[in-house]
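Peer 1: Take a look and give me a structure for this.
(one chain, ligands or ions: 1)
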Amino acid sequence: MLALMRSAFLIVLIGIGPAFAQGSGDDASRAASTIDDTPPGTLNPQPLPPLADPNSPKIPAKELFARKLTPLPGPARAIGSYTRGCMTGAVALPITGPTWQVTRLSRDRNWGNPRLIQFIERLGAEGKKVGWNGLLVGDMAQPRGGPMMSDHAAHQIGIEVDIWFTPMPDHVLTRAEREFDDPKNVVLPDGLGVDPKIWTPAHMAIVKAAAEDPEVTRIFVNAAIKKQMCSEAGSDRAWLAKVRPWWGHAEHFHVRLACPADSPQCKLQPPVPPGDGCGHALDLWFRPGILHPRPPKGPVNPGPYVTLAGLPPACRAVVKAP
Ligand SMILES: [Zn+2]
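Peer 2: Coordinates of the predicted model:
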């Protein structure tokens, strides 16, 4: 029953509806600046073994996309939806920039649409102005996007990024430090609020700066973080609409950009509901069955994985191309 309630709740929260028009700031000409020249595509130290039967229609799509270590050259396009799609023309975010550093290089997930790279540059610079020393960047997407072998239902079309709730330190991190094994959780163990020993005004300011970016459509944070922001926001509240509560997201926030205007196959998501999202809808997240969903009984059936048939037809060509 609880599981059922949770599913119904999820459907209400996620919703799938009509397309919406999106604005797009236009600064596509800005290039990423960098002080690191690690060649893209050389970060993953352990490529996966070849598949016995890569042409089988039963192969999970994630197995195919995870084996593509280079982007598909050409125009940058987001194809499909955030959770069922792929991309072309991806570029790698340089692992060390003036206002960001990439973590977990072993995952080789610092790829994205150029618009995402530009957003990270913009947010890093904005962060400096509001007391956030720089961004520690987590997962973006694989070189050709698509489903991943671990974590994430989304992150498939190159216009999403996870950013740690830990500001960049003043030194260039070593490869080992970048694995970031113990990220800081800003939420108290009971899930009801943020940890006052960790939470600072700059935490709020960096999320607000992201939410105010015109290309950002949604930001996912833990419900306790949204609650904190609702209480701190004062009269300037319009930006709160884009900040959406979700499970987890206590060590990082997830930023989702709107579909780029030049990606006609990118599936638009309905805009966030009107209002700041701070009232009743947020309270629902603190009901016991929602705040701490019961773990499933017995062995977990992973279910049928998405195969290429479950992705937009164009993604087959994207992942099959050499
Ligand atoms: Zn994410």
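Peer 1: what comes up buried for stretch 142-149?
Peer 2: 142-148 (16 or more other CB atoms under 10 Å). C-betas here are computed from N, CA, C, even on glycine.
Peer 1: now stretch 239-256
Peer 2: Neighbour count says stretch 239-256 has 239-247, 249-256 buried, by 16+ other CB under 10 Å.
Peer 1: could you point out which element follows the lowest-mean-pLDDT helix or strand in the chain?
Peer 2: Lowest mean confidence among the helices and strands of the chain (mean pLDDT, DSSP states H and E): helix 2-14, at a mean of 38. On the C-terminal side of helix 2-14, the nearest following helix or strand under DSSP states H and E is helix 61-66.
Peer 1: which outside residues touch that following helix?
Peer 2: Outside helix 61-66, the residues that touch it by CB atoms under 8 Å, 6 or more residues apart in numbering are 48, 51, 54, 86, 142, 144-149, 305-308, 310-311, 315, 319-320.
Peer 1: quick one, strands of the stretch 101-250 of the chain?
Peer 2: Secondary structure of the stretch 101-250 of the chain (DSSP state E, counting those that start in this stretch): strands at 111-112, 135-137, 160-164, 216-222, 243-246.
Peer 1: Please point out which parts of the longest helix along the chain sit buried.
Peer 2: Secondary structure of the chain per DSSP state H: the longest helix is helix 114-129. Going by neighbour count (16+ other CB under 10 Å), the buried part of helix 114-129 is 114-127.
Peer 1: how much does it deviate in direction from strand 160-164?
Peer 2: Here the directions of helix 114-129 and strand 160-164 differ by 30 degrees (axes from the mean of the first three to the mean of the last three CA atoms, to 10 degrees).
Peer 1: For helix 114-129, enumerate the helices and strands it packs against.
Peer 2: Under the contact criterion of 3 or more CB pairs under 8 Å, 6 or more residues apart in numbering; DSSP states H and E, helix 114-129 touches strand 96-97, strand 100-102, strand 135-137, strand 160-164, helix 201-211, strand 252-257.
Peer 1: Tell me the secondary structure of the closest residue to residue 266 other than its chain neighbours, please.
Peer 2: Of all residues not flanking residue 266 in the chain, residue 259 sits nearest, at 3.6 Å (CB to CB, 6 or more residues apart in numbering). At residue 259, secondary structure determined by DSSP: H, G, I helix; E, B strand; the rest coil is coil.
Peer 1: right, and residue 259 touches residue 271 too?
Peer 2: No. Contact status for residue 259 versus residue 271: not in contact, 12.0 Å apart, counting by CB atoms under 8 Å.
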